[in-house]
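Engineer: Here is a sequence with its predicted model. Questions after.
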Amino acid sequence: MAETANPSRPDDEVVEIARDLIRIDTTNTGDNATAKGERAAAEYVAGKLAEVGLEPTIYESAPGRASVAARYPGADSERGALLLHGHLDVVPAEASEWSVDPFGGEIRDGYLWGRGAVDMKDFDAMLLAVVRSWRRMGKVPPRDLVLLFTADEEAGSDYGARFMVEQHPEVFEGVSEAVGEVGGFSMTLSNDLRVYVVQTAEKGLDWLRLRASGRPGHGSMLHDDNAVTRLSRAVADIGRHDFPIEMTPTVRQFLESVSELTGIEFDPDNPEETVAKLGPVARLVGATLRNTANPTRLDAGYKTNVIPSTAEAVLDCRSLPGRNDELEAKLRELAGDGIEFDYEIRQPGIETSFDGPLVDAMAEAIRLSDPGARTIPYMLSGGTDAKAFASIGIRCFGFAPLKLPADLDFTALFHGIDERVPIDGLQFGVTAMHRFLSQC
């Protein structure tokens with residue numbers, strides 16, 4: 001890597017682009033009135049694409065809520081196009097909790113710090129750096145590349161990926177496969193063995209509001225029809241429930257691969273024992289062994305001495321692919337009678353197989369960039385824009401390559417305090433993406 005910054009080199013330019021994007025505050029509060037910055041970020045991205053001769057289009061789903069897309073023609077336009085997607089919005093950051101300004105883009109101790117550094121302005125910057133370099137060189141990709149940078153991923157994608165799929169299907173004409181977050185990052189299994197996990201599956205997103213009704217009254221009276229009591233019991237029973245383990249093909253293949261590479265025994269009847277030996281990533285993998293339902297918000301009443309007529313709770317539920325109906329049935333059983341269900345978001349999980357030429361290209365790119373390393377599939381416990389693209393028949397993967405320090409708790413940085421990405425990891429990612437896209 002160059003010792004001094006040279007913006008014409010993609011491994012240098014990626015840092016500057018990521019830094020610029022972090023400095024555009026694109027906080028997504030989930031409320032159009034308070035979300036900010038997405039239009040400015042889309043204009044920045046469009047400018048970077050236009051500078052090298054592409055023809056980006058900005059699509060605004062609501063005032064200020066903007067995504068940008070461009071098509072990069074390939075050598076064989078008869079092949080299915082490849083969608084490369086990243087989102088521009090970020091979750092909120094409380095500045096008082098951080099060691100640095102979360103929107104300052106500070107470089108310190110070999111890291112670029114800021115909200116969005118790993119989720120996912122790093123990958124946005126990688127894509128822009130590689131594409132800009134290729135356009136300057138006159139390089140033609142093997143097939144058409146559709147570049148898409150979206151709004152609203154952090155709040156369910158309604159104003160971003162889903163808006164694009166529903167209102168602008170022409171953007172996806174001919175697209176057969178997609179690559180985005182969250183995958184391609186390294187996990188160190190031993191001192192001399194790294195694997196790069198490719199996301200081939202992600203859990204469903206089931207954000208659910210529970211509502212209990214009862215007879216209002218004075219807080220000093222005996223009362224046998226209390227909405228708060230009814231809701232509290234339902235929430236407690238759901239929150240304490242231990243959902244059964246159900247291994248999907250992706251999770252099984254991940255654990256079998258880890259066992260083969262490390263010698264850690266994999267007992268299909270007790271996969272949690274294997275997961276427990278994986279270090280910090282165990283939190284991420286452990287959540288893919290079962291459905292989950294976590295109460296996150298409660299709302300009831302307006303005065304201490306008034307028993308309210310209604311009480312509400314919000315649950316963050318994540319269902320395994322193909323299991324969202326099963327999850328709802330269990331939640332209704334646990335909640336019992338008298339509880340209304342209202343989905344804020346209901347998006348089924350997705351899963352594809354770990355095979356095919358695109359997967360081979362990922363493996364080869366990693367092999368060339370980090371000799372001796374392996375790629376293996378895994379399931380993301382969270383969600384991404386991929387659900388929207390999968391709904392129109394696109395096969396989706398997460399591959400945003402990063403070579404990470406062995407002692408970095410990477411998964412804790414997503415939505416976390418002091419989010420940061422290694423500078424050399426960003427530069428590694430540009431090299432790996434160049435190699436991957438050259439043979440995709």
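Structural biologist: Received it, and whenever you're ready, just let me know what you need.
Engineer: Determine how far the host helix or strand of residue 425 lies from the middle of the whole chain.
Structural biologist: Element membership for residue 425, per DSSP states H and E: helix 423-438. How far helix 423-438 lies from its chain's middle: 19 Å, per CA atoms, centre = their mean, to the nearest Å.
Engineer: do stretch 360-370 as well
Structural biologist: 22 Å.
Engineer: Give me the average confidence score over that stretch.
Structural biologist: Mean pLDDT, computed over stretch 360-370, is 97.
Engineer: Report the buried residues of the helix holding residue 425.
Structural biologist: By neighbour count with 16 or more other CB atoms under 10 Å, helix 423-438 contains the buried residues 423-437. Every residue, glycine included, has its C-beta placed from N, CA and C.
Engineer: Check stretch 407-426 too.
Structural biologist: For stretch 407-426, by 16+ other CB under 10 Å, it's 408, 410-411, 413, 416, 418-426.
Engineer: End to end on it, go ahead and measure it.
Structural biologist: 17 Å (CA to CA, to the nearest Å).
Engineer: repeat for stretch 44-62
Structural biologist: First-to-last residue span, stretch 44-62, CA to CA: 18 Å.
Engineer: So which residues make contact with that stretch?
Structural biologist: 17, 20-21, 24, 32, 39, 42-43, 66-72, 88, 124, 128, 131-132, 135-136, 147, 149, 151-152, 158-160, 163-164, 167-168 (CB atoms under 8 Å, 6 or more residues apart in numbering).
Engineer: so of those residues, which ones are in helices?
Structural biologist: 17, 20-21, 39, 42-43, 124, 128, 131-132, 135-136, 163-164, 167 (DSSP state H).
Engineer: Now do residue 320 against residue 349, distance only.
Structural biologist: According to CB to CB, to the nearest Å, residue 320 stands 6 Å off from residue 349.
Engineer: Find residues that contact each of the two.
Structural biologist: 203, 204.
Engineer: So these two - more neighbours on which side?
Structural biologist: residue 320 (28 against 25; other CB atoms under 10 Å).
Engineer: just checking, that one touches residue 248?
Structural biologist: Yes: taking contacts as CB atoms under 8 Å, residue 320 lies within contact range of residue 248: 5.9 Å.
Engineer: so what sits against both of the two?
Structural biologist: In contact with both residue 320 and residue 248: residue 288, using CB under 8 Å, 6+ apart.
Engineer: Now do the same contact list for residue 324.
Structural biologist: Taking CB under 8 Å, 6+ apart, one finds 204, 206, 346, 348, 349 in contact with residue 324.
Engineer: again with residue 71
Structural biologist: 54, 55, 81, 144, 145, 146, 147.
Engineer: try it again with 7 Å
Structural biologist: 144, 146 (CB atoms under 7 Å, 6 or more residues apart in numbering).
Engineer: The one 10 residues further on now?
Structural biologist: When contacts are counted by CB under 7 Å, 6+ apart, residue 81 is found next to 143, 144, 145, 146, 174, 175, 176.
Engineer: So in terms of bridging, what pairs with the residue lying closest to the fifth one once chain neighbours are set aside?
Structural biologist: Spelled out, it's residue 174. Of all residues not flanking residue 174 in the chain, residue 81 sits nearest, at 4.6 Å (CB to CB, 6 or more residues apart in numbering). Listed beta-bridge partners, residue 81: residue 175 (assigned using DSSP bridges).
Engineer: what's the spacing between residue 81 and residue 69?
Structural biologist: 12 Å.
Engineer: same thing with residue 370?
Structural biologist: 31 Å.
Engineer: quick one: which of those two has more around it?
Structural biologist: Counted by other CB under 10 Å, residue 370 and residue 69 do not tie: residue 69 has more neighbours, with 25 against 17.
Engineer: which residues does that one contact?
Structural biologist: 56, 57, 59, 146, 147, 148, 171.
Engineer: Name the residues linked to the fourth one by a beta bridge.
Structural biologist: In this entry, residue 146 is beta-bridged to residue 71, residue 83, by DSSP bridges.
Engineer: Repeat that for the third one.
Structural biologist: Residues found in beta-bridge contact with residue 59 (criterion: DSSP bridges) are residue 67.
Engineer: Can you tell me which of the buried residues of stretch 407-426 is closest to residue 230?
Structural biologist: The closest of those to residue 230 turns out to be residue 416 (CB to CB; 35.4 Å).
Engineer: quick one, helices of this protein?
Structural biologist: 10-22, 38-50, 121-137, 161-167, 227-240, 249-262, 271-275, 282-286, 324-335, 357-369, 386-390, 423-438.
Engineer: Can you give the domain ranges for the chain?
Structural biologist: 10-183+350-438, 204-244+290-347 (automatic domain parsing).
Engineer: Deepest-packed of these, please.
Structural biologist: Stretch with highest mean neighbour count among those: domain 10-183+350-438 (a mean of 20; mean count of other CB atoms under 10 Å).
Engineer: Skipping adjacent residues, who's closest to residue 214 in space?
Structural biologist: residue 227 (3.5 Å).
Engineer: which residues touch the one you found?
Structural biologist: 212, 213, 214, 300, 308, 309, 310, 311.
Engineer: Counting by contacts, list what the helix or strand of the chain with the lowest mean pLDDT packs against.
Structural biologist: Ranked by mean pLDDT, DSSP states H and E, the weakest helix or strand in the chain is helix 282-286, scoring a mean of 82. On a contact count with 3 or more CB pairs under 7 Å, 6 or more residues apart in numbering; DSSP states H and E, helix 282-286 meets helix 271-275.
Engineer: sorry, back to before: export the helices of the chain as a markdown table, with columns for distance to residue 113.
Structural biologist: As requested, the helices of the chain are arranged in a markdown table below (distance: least, CB to CB, whole Å):
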| stretch | distance to residue 113 |
| --- | --- |
| helix 10-22 | 8 |
| helix 38-50 | 18 |
| helix 121-137 | 12 |
| helix 161-167 | 27 |
| helix 227-240 | 34 |
| helix 249-262 | 30 |
| helix 271-275 | 30 |
| helix 282-286 | 22 |
| helix 324-335 | 37 |
| helix 357-369 | 24 |
| helix 386-390 | 27 |
| helix 423-438 | 11 |
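Engineer: and of those helices, who's closest to residue 399?
Structural biologist: Closest among the helices of the chain, once you apply CB to CB, is helix 357-369, at 5.4 Å.
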